[in-house]
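K.L.:
This is a predicted model, with the sequence first.
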Amino acid sequence: MPTLPDRAQARELTSSKHQHHAAMQFVAVRLTVDEVAALDAIAGRDSVSRSEAIRRELAHVAA
């Protein structure tokens, strides 16, 4: 059975996927159940993570 990466490895893998982005920050937000459902629908539709769905939506709004 393959082993899961430890937290440091997971962070490194995640950060390497986003090298094209400017310096990134972690931002915690509180969402309602309906907001999470909408976010999951967008992420599922686009086959991306919640984080990527949020980044895409924010980029669209900021454009």
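P.N.:
In hand now; what should we look at? If you're wondering where the values come from, they're calculated on a predicted model, not measured in any experiment.
K.L.:
what about the helices in the chain?
P.N.:
Secondary structure of the chain (DSSP state H): helices located at 7-17, 33-46, 50-62.
K.L.:
Columns mean neighbour count and mean pLDDT on top of the ones you listed, output as CSV?
P.N.:
C-beta here means a position set from N, CA and C on the backbone, and glycine is covered the same way. As requested, the helices of the chain are exported to CSV (neighbours: other CB atoms under 10 Å; pLDDT from 0 to 100):
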stretch, mean neighbour count, mean pLDDT
helix 7-17, 10, 59
helix 33-46, 12, 96
helix 50-62, 12, 93
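K.L.:
What is the burial count for Gln25?
P.N.:
5 (other CB atoms under 10 Å).
K.L.:
on that earlier part again, between the helices of the chain, which one is nearest to Met24?
P.N.:
Closest of the helices of the chain to Met24 is helix 7-17, at 7.6 Å (criterion: CB to CB).
K.L.:
Columns distance to Met24 on top of the helices of the chain, output as TSV?
P.N.:
TSV is the format used below for the helices of the chain (distance: least, CB to CB, whole Å):
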stretch	distance to Met24
helix 7-17	8
helix 33-46	18
helix 50-62	9
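K.L.:
closest one to Ala23 among those helices?
P.N.:
helix 7-17 (10.4 Å).
K.L.:
so Ser49 makes contact with Ala43?
P.N.:
Yes: between Ser49 and Ala43 there is a contact under CB atoms under 8 Å: 6.2 Å.
K.L.:
Before we move on, what's the pLDDT of Thr20?
P.N.:
Slight slip there: residue 20 is His, not Thr. For His20, the pLDDT comes out at 63.
K.L.:
same deal with Asp6?
P.N.:
pLDDT, read off for Asp6, is 64.
K.L.:
returning to what we had before: list just the one of the helices of the chain that sits closest to Val27.
P.N.:
helix 50-62 (9.1 Å).
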